[in-house]
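>>> what would the 3D arrangement of this be:
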Amino acid sequence: MNKEKGQGGIKIFVVVIVLVCLVLGYYYYLSNKRNDKESEQQVKATAVQEVLMRDLENNYPPTPREVVKYYAEITKCFYAESYTEEEFHDMAMQIRKLYDDELAANKTDQQYLDDLGVDIDLLKGQEIVISSYSPGSSTDVEEFTQDGYSWAKTRCTFHLRQGTQFQNTEEIFLLRKDDNGHWKIYGWTLADDENV
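Residues are numbered from 1 along each chain as shown. The predicted structure is shown next:
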């Protein structure tokens, strides 16, 4: 009888161990499944997607420097990233929202898209990419009032790469504050041609 009690105790012990293993295995399975879903949701957005995610209606850049910085981010995407035709269109329309009404009125949306496409193709054909950019510091922004408008001048340097060759091009931006208090790009020129 003691032998049967001993074997019964062993059977119960084995059954308990098996059940504990099953519960732990199931818990491990659920934990990993949850982690897989979280990692799928944390897929990093591309640079193009990041610039397109900005809602300019509710999150317009607050300073002239920030406007030019956002302009440079989009410009870098045009010349250094891969994107779909739809993303190209959306980036072009996004950058036009940074333009002063007078600047934007110089071309229709379609003319702007066509001209921008030609410019991008020209540089890409020469294998020139914008590798990075450096907006001027906030202390270098020159603000002034003229003709009843608030104006600002600031600089941005674009770092270009063509194969193994590097060069910089510096542009000076003129911005005008609109009726909503937003700084809008009125125009720009190369620093060498400073007649803004």
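>>> can you give me the strands in the protein?
128-135, 142-146, 149-162, 165-177, 183-190 (DSSP state E).
>>> want to throw those strands into JSON lines with mean neighbour count, mean pLDDT and distance to Asn106?
C-beta here means a position set from N, CA and C on the backbone, and glycine is covered the same way. Output for those, formatted as JSON lines (neighbours: other C-beta atoms under 10 Å; pLDDT from 0 to 100; distance: least, C-beta to C-beta, whole Å):
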{"stretch": "strand 128-135", "mean neighbour count": "17", "mean pLDDT": "92", "distance to Asn106": "23"}
{"stretch": "strand 142-146", "mean neighbour count": "11", "mean pLDDT": "95", "distance to Asn106": "21"}
{"stretch": "strand 149-162", "mean neighbour count": "17", "mean pLDDT": "95", "distance to Asn106": "18"}
{"stretch": "strand 165-177", "mean neighbour count": "17", "mean pLDDT": "95", "distance to Asn106": "15"}
{"stretch": "strand 183-190", "mean neighbour count": "18", "mean pLDDT": "96", "distance to Asn106": "10"}
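>>> format the ones you listed as CSV; extra columns: distance to Arg54.
Listed next are the strands of the chain as CSV, based on distance: least, C-beta to C-beta, whole Å:
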stretch, distance to Arg54
strand 128-135, 16
strand 142-146, 24
strand 149-162, 18
strand 165-177, 18
strand 183-190, 15
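>>> buried sites along stretch 110-128?
112-113, 116, 123, 128 (16 or more other C-beta atoms under 10 Å).
>>> among the residues you listed, which one sits closest to Gln165?
Each of the buried residues of stretch 110-128 was scored against Gln165 by C-beta to C-beta, and Ile128 proved nearest at 9.2 Å.
>>> in this structure, where is pLDDT below threshold?
For the chain, applying pLDDT under 70 flags the ranges 1-9, 13-16, 18-28, 31, 33-43, 193-196.
>>> coming back round to it: so which of the strands of the chain gets nearest Glu81?
Judging the strands of the chain by C-beta to C-beta, what sits closest to Glu81 is strand 128-135, at 9.1 Å.
>>> and that closest one, what does it pack against?
With contacts defined as 3 or more C-beta pairs under 8 Å, 6 or more residues apart in numbering; DSSP states H and E, the secondary structure elements packing on strand 128-135 are helix 64-80, strand 149-162.
>>> direction included, what does that strand pair up with?
When pairs are called by DSSP bridges, strand 128-135 turns out to pair with strand 149-162 (antiparallel).
>>> the partner strand versus strand 165-177: what angle between them?
170 degrees (axes from the mean of the first three to the mean of the last three C-alpha atoms, to 10 degrees).
>>> could you check the angle strand 149-162 makes with helix 64-80?
On the basis of the same axes, to 10 degrees, strand 149-162 is oriented at 30 degrees to helix 64-80.
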